[in-house]
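Colleague: okay, predicted coordinates and the sequence, questions at the end:
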Amino acid sequence: MSEITEAIGRTRTVHDFIRVWPAEALALTLENGIETPQEGDPLPPLCHWLYFLPLDPLSEAGSDGHARTGEFLPDTGLPRRMWAGGRLTFHRPLKIGEQATRVSRIESVEEKEGRSGRLVFVSVLHEISGAEGLAISEEQDVVYREAPKIAAAATRTEEAPGDPDWSRTVSPDPVLLFRYSALTFNSHRIHYDHPYVTGVEGYPGLIVHGPLLATLMTDLACRENPGRVLKHFSFRGMAPVFAGEAFDVAGKSEGENAAELWVARPEGLAMQGRAEFA
């Protein structure tokens, strides 16, 4: 564990140009009824996940399709890695067409024992700046887990709230998952390789990306609060969602400036979040 904690304080800086194409392609994929972004427009919330992408050689991919750890994220010795949640503050909009920089820093590493065995939690802080200074601060929670026991892959879920002010039903298929993987340069096999995700990971089908679920939550909240500016957003994954299984993206107002958000699959709560507006 001492070798893993040596990663605390490690930094990485990435520069990118906020092109219109990725944001436009995501809008056309989500078909959310919002006009496709144009150069000079503010980048929609969470669209920054389409930029600053890791460009790892194919030869450095692990057996699960993810790039091997060790250069920035620590090598924990655990084979499974997932993005469990995060907290974001939007200081000002990033503009499509501007140059931007993301500085990432590993804030903490913590080992725990869970129902599935050994777990390692890594917290990463990302700060994204554009021409006018800091635009987005994001704390990202990454969890490393042991190899699955096939018979124990089912996940217990909590009951989802039943009184939304707004909701949208999404029916994910492999094409949606492929598009989002392509847009985020995500080669994790759980999103496209059915024999792998069922035979090795022990799940019943292809898994919908957690960041895609979070994006759908913010998209719904912003569409239902027109003219308002998203300032804070937090989310936490609760259970996986599978291709071919319709799910509901829902939310309800919480006072004048906030909204409770969630993703519900037939078995219960899959993700929960909170949005705060200016």
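Modeller: Yep, that arrived.
Colleague: who's Leu88 bridged to?
Modeller: For Leu88, the beta-bridge partners under DSSP bridges are Glu138, Phe233.
Colleague: for it, which residues are in contact?
Modeller: 46, 136-139, 232-234 (Cβ atoms under 8 Å, 6 or more residues apart in numbering). Just so you know, the C-beta spots here come from the backbone N, C-alpha and C atoms, and that holds for glycine as well.
Colleague: ok, now how distant is it from Ala23?
Modeller: Applying Cβ to Cβ, to the nearest Å, the value for Leu88 to Ala23 is 17 Å.
Colleague: any chance you could map the helices in this protein?
Modeller: Assigned by DSSP state H, the chain shows helices spanning 2-5, 20-30, 174-183, 194-199, 210-223.
Colleague: hmm, Lys252 is touching Pro161, no?
Modeller: Yes. Taking contacts as Cβ atoms under 8 Å, Lys252 lies within contact range of Pro161: 7.3 Å.
Colleague: so how far is Leu177 from the residue nearest the centre of the chain?
Modeller: Centre of the chain computed as the mean C-alpha position; nearest residue by Cα atoms, centre = their mean is Pro211, 2.2 Å away. Going from Pro211 to Leu177 by Cβ to Cβ gives 12 Å.
Colleague: before we move on, what about Glu256?
Modeller: Using Cβ to Cβ, we find Glu256 at a distance of 37 Å from Leu177.
Colleague: ok now stretch 195-210, how far from the chain's centre?
Modeller: Distance of stretch 195-210 from the chain centroid (Cα atoms, centre = their mean, to the nearest Å) equals 17 Å.
Colleague: can you give me the end-to-end span of stretch 192-202?
Modeller: Start-to-end span of stretch 192-202 (Cα to Cα, to the nearest Å) is 14 Å.
Colleague: which one's more surrounded, Glu256 and Leu177?
Modeller: Shown here are Glu256 and Leu177; by other Cβ atoms under 10 Å, Leu177 has more neighbours (21 against 6).
Colleague: per-residue confidence for the more buried one?
Modeller: What the model reports as pLDDT for Leu177 is 98.
Colleague: pull the number of nearby residues for the nearest residue to it once chain neighbours are set aside.
Modeller: Leaving aside its sequence neighbours, Leu177 sits nearest to His191 (Cβ to Cβ, 6 or more residues apart in numbering; 4.9 Å). By other Cβ under 10 Å, the residues close to His191 number 22.
Colleague: state the distance from His191 to Phe242.
Modeller: His191 is 11 Å from Phe242, where distance means Cβ to Cβ.
Colleague: what is in contact with these two at once?
Modeller: Joint contacts of His191 and Phe242 (Cβ under 8 Å, 6+ apart) are 206-208.
Colleague: mind putting those in TSV, pLDDT, distance to Gly273 and neighbour count included?
Modeller: Listed next are these as TSV, based on pLDDT from 0 to 100; distance: Cβ to Cβ, whole Å; neighbours: other Cβ atoms under 10 Å:
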residue	pLDDT	distance to Gly273	neighbour count
Leu206	97	23	25
Ile207	96	18	21
Val208	97	15	26
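Colleague: with distance to Gly97 added, can I get those in a markdown table?
Modeller: Shown next, in a markdown table, are the shared contacts of His191 and Phe242 (distance: Cβ to Cβ, whole Å):
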| residue | distance to Gly97 |
| --- | --- |
| Leu206 | 35 |
| Ile207 | 34 |
| Val208 | 31 |
